[in-house]
Each structure stands twice: as C-alpha cells, then as structure tokens.
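> Sharing a sequence plus its predicted fold:
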Amino acid sequence: MRLRKKPWIPQALEEYKGKELLTEKIESHYGAWQEMFPGLRLALEIGCGKGDFLVGMGELHPDMAFLGIETQQEICYYPAKKIREKGLTNAKVISGDAAHLTEWFAPGEIELIYLNFSDPWPKARHAKRRLTSRSFLEEYKHLLPARGHLRFKTDNQALFDFSLEEFKAFGLEIIEVSYDLHNSAILNEVQTEYEKKFSAKGNKINFCEVVFK
C-alpha cells in the first residue's frame with residue numbers, strides 16, 4: 001500500500017509509539033510476547049495496511065492477541081489510531097520488515113498467520129520476495145507450532161496459483177481453497193480495505209488455509 005506523503009504524520013505517530021505502535025527493539029520481545037498479552041493466543045498479520053482486518057479481528061476475538069506488521073511507518077498511523085479509538089488491549093502494530101520475523105519471535109510463539117492481499121511481485125525475478133514463497137514459508141514454520149495455520153487471501157489469480165504450488169512443494173496440508181471466497185461457505189469474518197475495494201469492482205477473492213506439519 002502506497003500513500004501520498006502527509007507531512008503531519010511523523011509527528012502524529014509519536015503519540016502511539018511504545019503503546020499501540022512498536023518501532024524500536026522489536027527483538028527485545030523475542031520469546032516474551034506473552035508478557036504483553038497474558039493468557040492470549042497470538043496471531044500475526046503480515047502487511048496490515050490501514051488496519052481494518054487487524055482491528056476487526058481484535059474486536060471479534062478478545063481471547064486472542066493480534067499483531068500487525070507494516071513496513072511503511074507512515075501507514076502505521078492508521079491502524080495505531082484505530083486500535084486506540086476502539087480501546088483494544090489485544091492488538092498492536094509493528095513497524096518493520098517481515099524479513100526479521102525469526103529475530104522477533106521464538107519458535108512456536110505465533111499460533112496463526114494471516115497474509116491478506118500481499119504484494120504480488122509479478123516479475124519472475126522477484127518471485128522470492130512473494131510472502132508465499134518457500135523461503136518465507138520456512139520462516140513461518142519457525143514461528144508456528146506443529147499444526148499451526150496460515151490463512152491467505154488475494155484477488156491476484158497469478159499470485160494465488162503460484163502460492164498453491166509453493167504450499168504443495170513445501171509439504172503443507174491444504175485444508176480450504178476457494179477461488180470465489182465471497183460466494184463460498186468459508187467463514188470470512190472481516191474484510192480488508194483492499195478486499196472491499198476489489199470485490200466492489202467485481203474481482204473474485206481467492207482464499208487458502210494451510211497447516212504446517
């Protein structure tokens with residue numbers, strides 16, 4: 001997600017840093033996220049954008065904690081603001097690069113991963129940058145416990161087909177697949193900003209849920 005530069009955002013972000021927004025020394029929480037969310041199971045959304053999904057899931061599931069990662073710090077203003085406005089204590093935003101996941105989370109510390117409308121990186125030479133590529137799946141396997149789940153949504157058919165092949169090649173158990181999520185029986189509790197936008201244009205939403213063995 002790219003936004004036009006808004007000069008007031010950097011200053012506005014200061015209000016949320018260290019509270020709803022985590023920007024520094026993320027690795028200091030390695031193996032200790034339960035101290036931040038006592039007794040809650042931990043879910044991770046990689047690429048949380050403006051936070052509609054993150055906040056919506058936090059509202060629906062107070063028994064779980066939801067962490068959203070967003071690489072562009074200015075965008076983090078929006079989910080951080082929504083978390084505060086909703087008074088949620090079970091959601092936070094991490095401003096950082098998902099390439100550092102294994103530095104931030106101990107093995108088995110995350111129970112569930114969400115990938116929603118990830119950048120498709122359409123050029124073949126950029127395939128390894130796709131968040132469903134085998135190199136990233138190896139990272140997720142480190143984070144998740146045995147039988148940990150990953151849920152993936154996209155409107156990009158080429159990315160979806162690529163992802164299914166990567167999931168199979170990595171030996172994941174595919175438990176749900178839909179090429180038209182909104183007209184399926186699969187539970188779709190919260191829509192992302194992109195999901196609302198693309199489905200309104202008539203784009204079909206692809207969904208897959210996999211289990212790490």
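Sure thing, it's come through. Numbering: from 1, shown residues only.

> longest helix in the chain, by residue count?
Longest helix of the chain, by residue count under DSSP state H: helix 157-169.

> next one: that one to chain centre, how far?
Centre-to-centre, helix 157-169 and its host chain are 18 Å apart (C-alpha atoms, centre = their mean, to the nearest Å).

> And for stretch 64-80?
9 Å.

> Return the set of buried residues in it.
Under the neighbour-count criterion of 16 or more other C-beta atoms under 10 Å, stretch 64-80 has 64-71, 73-80 buried. In short, each C-beta sits where N, CA and C put it, glycine included.

> What helices and strands are in contact with the longest helix of the chain?
helix 134-143, strand 149-154, strand 173-178, strand 206-211 (3 or more C-beta pairs under 8 Å, 6 or more residues apart in numbering; DSSP states H and E).

> Which residues does that helix contact?
118, 120, 122, 127, 130, 132-134, 137, 152, 154, 174, 177, 179, 206, 208, 210 (C-beta atoms under 8 Å, 6 or more residues apart in numbering).

> now do stretch 185-193
1, 49-50, 52-53, 56-57, 60, 116-117, 153, 176, 178, 181-182, 199, 207.

> Let me see the mean pLDDT of stretch 194-206.
The predicted model assigns stretch 194-206 a mean pLDDT of 96.

> Show me which positions of it end up buried.
194, 195, 198, 203, 205, 206.

> quick one: the last one from residue 197, how far?
Pointing back at residue 206 there. As judged by C-beta to C-beta, to the nearest Å, residue 206 and residue 197 stand 15 Å apart.

> tell me which element the residue most central in space within the chain is part of?
Against the mean C-alpha coordinate of the chain, by C-alpha atoms, centre = their mean, the closest residue is residue 45 at 1.8 Å. Following DSSP states H and E, one finds residue 45 within strand 41-46.

> Could you tell me the angle between the helix or strand just after that strand and strand 149-154?
Where DSSP H and E defines the elements, the next helix or strand beyond strand 41-46 is helix 52-60. Between helix 52-60 and strand 149-154, the angle formed by their directions is 140 degrees, by axes from the mean of the first three to the mean of the last three C-alpha atoms, to 10 degrees.

> Buried ones in helix 52-60, by neighbour count?
Neighbour count says helix 52-60 has 52, 53, 54, 55, 56, 57, 58 buried, by 16+ other C-beta under 10 Å.

> Residue 208 contacts residue 176, doesn't it?
Yes. Applying C-beta atoms under 8 Å, one finds residue 208 in contact with residue 176, separated by 6.6 Å.

> Looking only at neighbour counts, state which of those two leads.
residue 208 (24 against 17; other C-beta atoms under 10 Å).

> how much space is there between that one and residue 154?
Taking C-beta to C-beta as the measure, residue 208 falls 9 Å from residue 154.
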